[in-house]
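*Asks:* Sequence plus the predicted model coming up.
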Amino acid sequence: MRRIMTESLIVCDVAVVGAGPAGYAAALTTAAGGLKTVLIDKGDAGGTCLNRGCVPAKTWLAAAHIVKTLEWGKKIGLPAAVPDYALLKTHQREVVQLVHKGLLGVFKKKGVELLRAAAVFVSPTEMMLDTGVTVRFKKAVVATGSRPAEIFGTGERFYTSDTVFGLEKLPSSIAVVGAGAIGLELTVFFARMGCKVTLFEALPDILPPADGEIRQLLRRELKKLGVDTHTGVKIAEAKSETGCCRITLEDGRTFTADILLTAAGRKPATDAFGLDKAGVRVNIRGFIETDATMGTSKEGIYAAGDVAGKSLLAYTAHHEGVAAARNILGHGSHIDHRFVSYIVFGDPESAWVGQTEEQLKQTGTHYKAGRYHVRALARAQASGEIAGMVKVLVGEDKSILGVHMASPHATEIIHAAAVAMAAGMKADALCDLPFGHPTYSEAISLAAADALGISIY
């Protein structure tokens, strides 16, 4: 249908609230399917991932990796470089602007109308925008994302993962609260840039979802970077003082740093959109309840991305948005979250898919674990990046139950394991598959061989 528009009314087939990875993926998919689609977001298209998360973080981490490579390069006669943060900031902004411009171009090409406004549901078929316009729709997708928890409030010395990319100069020291994926990635960046980093985690270990051996390896590497890591601790108070931020733990110990970065979890953005007026239920944690189709408690309204709480990852948000859109179009789609790869751009990178040893032990599942250390790879020795390990967990029927790695390029390599698991490939078939040599990826088949007791070398 053609969109009907007056000064105060827009009528469309699909209204998508939130222009992040889930929202724009849903909007582009329904528009491609011939449905008149409006995409509503008061902020910049691309959401947290493009503007305040994944993309700027990876520009920072790319610089951190270059610093690491140049440090190793001294061994073979390459000069060391002093990072210029001002130039890095310029590059960060240019990358975000380039991707943002491309995204707007795709919207125009595919017929998605972007409305820069905040939306509130007033009924299951209508939204009111803060511009005074009412949007009437047949179907809707809620993709409003999440926001970082502001545990210690805001102020001159207090930052979150949303605001830290606005730093105009590097601090000499930083306290990072939260040792999950976001906290670890930013810890690595600041440590590589020469900042003194103190890392705090309330849980007993860093990167809680990861395999225990991988966590242990990453802790060793953080120590080599000079990061002062404290796990199993809780912060009683954090306050700004003259010239510093003072952090007091519940056990009475105190620490100081130029700034404090909170990277301890995110909250769903569901409290200001009138979901109750739309008949959409949220759970006790504030996430929207969805089924396998990404459908909510109200027929015709879907939710995707962080707001649905299935997996707070930009790439799963994108695919959930596509799944919601395909179900609106009547094609039928769902995501099997069992084979979602989790990736962390630390140093070394870490990634995993499937179950951990700890999970298998809890369920009493019989398995064998195979390992291969990165330092044994010719590619690693040639490149000067030897830290890491690949672990493959194999069931009694030779099924691949989980693959866990800390390795250079782990965030790229893990997808080979995910494809193998999703396709039902057995561990012995993985061993028989020739991997390129010398590569980092061959460690997957070598670890699988170790689990099966197959001698290759």
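*Replies:* On my side now, so go ahead.

*Asks:* Helix or strand with the lowest mean pLDDT in the chain?
*Replies:* When each helix and strand of the chain is scored by mean pLDDT, DSSP states H and E, strand 4-5 comes last, with a mean of 47.

*Asks:* Name every strand pairing with whatever helix or strand comes next after that strand and say which way it goes.
*Replies:* The helix or strand immediately downstream of strand 4-5 is strand 9-17, counting by DSSP states H and E. The pairing partners recorded for strand 9-17 under DSSP bridges are strand 4-5 (antiparallel), strand 37-40 (parallel), strand 134-142 (parallel).

*Asks:* Just send those strands back as TSV, with mean neighbour count too.
*Replies:* For the C-beta atoms, the positions are set from N, CA and C on the backbone; glycine is no exception. Formatted as TSV, these follow (neighbours: other CB atoms under 10 Å):
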stretch	mean neighbour count
strand 4-5	12
strand 37-40	27
strand 134-142	23
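
*Asks:* Those strands into a markdown table, with extra columns for distance to residue 159?
*Replies:* Formatted as a markdown table, the strands paired with strand 9-17 follow (distance: least, CB to CB, whole Å):
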| stretch | distance to residue 159 |
| --- | --- |
| strand 4-5 | 41 |
| strand 37-40 | 28 |
| strand 134-142 | 28 |
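
*Asks:* For residue 57, which of these is the nearest?
*Replies:* strand 37-40 (24.2 Å; CB to CB).

*Asks:* shaky segments in the protein?
*Replies:* By pLDDT under 70, the low-scoring segments of the chain are 1-7, 72-83, 153-154, 456-457.

*Asks:* Using the record, which stretches count as separate domains in it?
*Replies:* Structural domains assigned to the chain are 4-148+267-337, 158-264, 348-452, following automatic domain parsing.

*Asks:* Correct me if wrong: residue 50 contacts residue 44.
*Replies:* Yes - the pair residue 50 and residue 44 qualifies as a contact (CB atoms under 8 Å) at a distance of 7.5 Å.

*Asks:* Which residues are in contact with each of these two?
*Replies:* The contact sets of residue 50 and residue 44 overlap at residue 100 (CB atoms under 8 Å, 6 or more residues apart in numbering).

*Asks:* Comparing those two, which residue is more hemmed in?
*Replies:* Counted by other CB atoms under 10 Å, residue 50 and residue 44 do not tie: residue 50 has more neighbours, with 22 against 16.

*Asks:* The more buried one looks like it's in a helix, true?
*Replies:* Yes - assessed by DSSP: H, G, I helix; E, B strand; the rest coil, residue 50 belongs to a helix.

*Asks:* what residues are up against the most centrally placed residue in the chain?
*Replies:* Among the residues of the chain, the one closest to the centroid is residue 313, at 4.1 Å (CA atoms, centre = their mean). Residue 313 makes contact with 340, 342 under the criterion CB under 8 Å, 6+ apart.

*Asks:* Relative to residue 336, how far out is it?
*Replies:* 14 Å (CB to CB, to the nearest Å).

*Asks:* mind listing what's buried in the strand or helix carrying residue 218?
*Replies:* Residue 218 belongs to helix 212-224 when assigned by DSSP H and E. Within helix 212-224, the residues that qualify as buried are 213, 214, 215, 217, 218, 219, 221, 222, counting by 16 or more other CB atoms under 10 Å.

*Asks:* again with stretch 289-305
*Replies:* Applying 16+ other CB under 10 Å to stretch 289-305 flags 290, 293-298, 300-305 as buried.

*Asks:* Specify which member of these is nearest to residue 229.
*Replies:* Distances from residue 229 to the buried residues of stretch 289-305, taken by CB to CB, are shortest for residue 305, at 30.9 Å.

*Asks:* Need phi/psi at the closest one.
*Replies:* phi 90, psi -160 (degrees, to the nearest 10).

*Asks:* Residue 204 now?
*Replies:* Dihedral angles of residue 204 (phi, psi; degrees, to the nearest 10) stand at phi -60, psi -20.

*Asks:* What's the local residue count around the closest residue to it other than its chain neighbours?
*Replies:* Nearest residue to residue 204, sequence neighbours excluded (CB to CB, 6 or more residues apart in numbering): residue 232, at 4.9 Å. Neighbourhood size, residue 232 [other CB under 10 Å]: 10.

*Asks:* tally of neighbours for residue 106?
*Replies:* Neighbours of residue 106 under the rule other CB under 10 Å: 13.

*Asks:* pretty sure it contacts residue 28?
*Replies:* Yes - contact between residue 106 and residue 28 holds when scored by CB under 8 Å: they sit 6.7 Å apart.

*Asks:* shared neighbours of those two, anything?
*Replies:* Contacts common to residue 106 and residue 28, judged by CB under 8 Å, 6+ apart, are residue 112.

*Asks:* before we move on, the earlier item: can you list the strands that the helix or strand that comes right after the helix holding residue 218 pairs with?
*Replies:* Going down the chain from helix 212-224, the next helix or strand is strand 228-231, by DSSP H and E. Its sheet considered, strand 228-231 pairs with strand 196-201 (parallel) by DSSP bridges.

*Asks:* now the angle from the strand it pairs with to helix 212-224?
*Replies:* 150 degrees (axes from the mean of the first three to the mean of the last three CA atoms, to 10 degrees).

*Asks:* what does strand 196-201 rub up against?
*Replies:* 172-179, 183, 187, 190-191, 206, 222, 225-233, 235, 247, 249, 255, 257.

*Asks:* show me where the stretch 301-450 of the chain has helices.
*Replies:* 314-328, 357-362, 378-383, 410-422, 427-432, 442-452 (DSSP state H, counting those that start in this stretch).
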